[in-house]
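Asker: Structure here, sequence nowhere to be found:
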């Protein structure tokens, strides 16, 4: 078995990881041995986890969630799965558009 997990750090940030032994890894994070990022942001709290059969599946999911924005991560943590697809779509309304060439110049 393997897990992808999300920790909430003392500063409010999220840490996403994967492991074969979730209890051991949480203990390491709590002791400041879990990694450079969490060691300076203790205490940490487990806020979400998913169990997988294969380590590579948990690692793939870790990388996927690491690329998400904060709002999408929080929807996952809260179990608001219906909100995940809309949060996946980029907001193209804020994108700069190229100015069109006036029709009189296109001959």
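Answerer: Perfect, thanks for sending it. Here the structure is a predicted model, which means the values were calculated and not measured.

Asker: show me the contacts for residue 17.
Answerer: Counting by C-beta atoms under 8 Å, 6 or more residues apart in numbering, residue 17 makes contact with 4, 5, 7, 25, 34, 35, 62. Every C-beta, even on glycine, is put in place using the N, C-alpha and C of the backbone.

Asker: which SS class is it?
Answerer: Secondary structure assignment for residue 17 (DSSP: H, G, I helix; E, B strand; the rest coil): strand.

Asker: Please apply the same query to residue 41.
Answerer: Of the three states, residue 41 takes coil under three-state DSSP.

Asker: max-length helix in this protein?
Answerer: For the chain, the helix that runs over the most residues, judged by DSSP state H, is helix 55-66.

Asker: And it, what's buried?
Answerer: Of all the residues in helix 55-66, those buried under the rule 16 or more other C-beta atoms under 10 Å are 58, 59, 61, 62, 65.

Asker: What subset of the contacts of residue 17 is buried?
Answerer: With neighbours counted by 16+ other C-beta under 10 Å, the contacts of residue 17 contain buried members at 4, 5, 7, 25, 34, 62.

Asker: Pick the one among those closest to residue 14.
Answerer: Checking the buried ones among the contacts of residue 17 against residue 14 with C-beta to C-beta, the nearest one is residue 7 at 6.9 Å.

Asker: Tell me how far stretch 69-79 lies from the chain's centre.
Answerer: What separates the centre of stretch 69-79 from the centre of its chain is 8 Å, taken as C-alpha atoms, centre = their mean, to the nearest Å.

Asker: Sort out which residues of it are buried, please.
Answerer: 72, 73, 74, 75, 76.

Asker: which residues sit in contact with the closest residue to residue 2 other than its chain neighbours?
Answerer: In space, and not counting its chain neighbours, residue 2 is closest to residue 58: 3.8 Å by C-beta to C-beta, 6 or more residues apart in numbering. Neighbour list for residue 58: 2, 3, 4, 18, 19, 50, 52 [criterion: C-beta under 8 Å, 6+ apart].
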